[in-house]
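Student: pasting the structure only:
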């Protein structure tokens, strides 16, 4: 979809290798907790699940997530060997 941003679960922590971003926003840590917080903050109480709340927000174009700029981590410090 042109002009869209995709938010999805990422690694458990910043040192967990094997994940890569392709223009996506990855939530590091517990993605289910992230979704639960969105549902709670939305005030939706008539839906049957967290995923239903998120789906309702997206369909109604009422989901806005602002990601604050963070310091870029020194990933070279996490290397255990030369690749």
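Tutor: Noted; the coordinates are in hand. The shown structure was predicted, so the numbers you read here are calculated from the model rather than taken from an experiment. Residues are numbered from 1 along each chain as shown.
Student: only C-alpha atoms from now on, for both contacts and neighbour counts.
Tutor: Noted.
Student: can you list the buried residues in the longest helix anywhere in the chain?
Tutor: Counting residues, the longest helix in the chain under DSSP state H turns out to be helix 31-42. Neighbour-count burial for helix 31-42, counted by 16 or more other Cα atoms under 10 Å, picks out 31, 35, 36, 38, 39.
Student: likewise stretch 54-72?
Tutor: Buried residues in stretch 54-72 (16+ other Cα under 10 Å): 54, 56, 57.
Student: point out where the protein drops to low pLDDT.
Tutor: Along the chain, segments meeting pLDDT under 70 span 1-5, 17-23, 45-47, 82-83.
Student: could I get the full set of strands for it?
Tutor: Secondary structure of the chain by DSSP state E: the strands cover 7-9, 25-27.
Student: most packed of the ones you listed?
Tutor: When these are scored by mean count of other Cα atoms under 10 Å, the highest mean neighbour count falls to strand 25-27 (a mean of 16).
Student: remind me what it packs against, helices and strands.
Tutor: Judged by 3 or more Cα pairs under 8 Å, 6 or more residues apart in numbering; DSSP states H and E, strand 25-27 is in contact with strand 7-9.
Student: just how off-centre is the strand it packs on within its chain?
Tutor: With Cα atoms, centre = their mean, to the nearest Å as the basis, strand 7-9 stands 4 Å off its chain's centre.
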